[in-house]
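Asks: The sequence isn't on hand, but the structure is:
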């Protein structure tokens, strides 16, 4: 996630009034030692991303598709 957020400016610039589905899906892994580990989605500011949306988290092979602000990130 730390890599994807700064690179989000490389995505096409769609105006905010066009609410069509965008054809981009990005995947990231939280590694041990990451500053994201042990903090919630809200604490990591992953709820207010501009042009990106955190759709799901996969943990231990289980997909969590409705990730709430209190969801705590762990490393693999």
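Replies: Received, thanks. What you see is a predicted model; the values in this text were computed from it and never measured.

Asks: after the helix or strand of the chain with the lowest mean pLDDT, next one along is what?
Replies: Ranked by mean pLDDT, DSSP states H and E, the weakest helix or strand in the chain is helix 4-7, scoring a mean of 56. Counting by DSSP states H and E, the next helix or strand C-terminal to helix 4-7 is strand 57-59.

Asks: Parallel or antiparallel, list what pairs with the next helix or strand after that following strand.
Replies: The first helix or strand that comes after strand 57-59 along the chain, using DSSP H and E, is strand 62-64. Sheet pairing here is set by DSSP bridges, and for strand 62-64 it gives strand 57-59 (antiparallel).

Asks: Not counting the partner strand itself, show me its contacts.
Replies: Strand 57-59 is contacted from outside by 63-64, 67, 71, 73-74, using CB atoms under 8 Å, 6 or more residues apart in numbering. Using the backbone N, CA and C atoms, a C-beta is placed for each residue, glycine as well.

Asks: List the buried residues in that strand.
Replies: Neighbour-count burial for strand 57-59, with 16 or more other CB atoms under 10 Å as criterion, is recorded at residue 57.

Asks: same deal with stretch 47-55?
Replies: The neighbour-count check on stretch 47-55 (16+ other CB under 10 Å) flags nothing as buried.

Asks: Next, the distance between the ends of that stretch.
Replies: 10 Å (CA to CA, to the nearest Å).

Asks: repeat for stretch 41-52
Replies: From its first residue to its last, stretch 41-52 covers 14 Å (CA to CA).

Asks: before we move on, what about stretch 51-59?
Replies: 24 Å.

Asks: what mean pLDDT would you report for that stretch?
Replies: In this model, stretch 51-59 has a mean pLDDT of 86.
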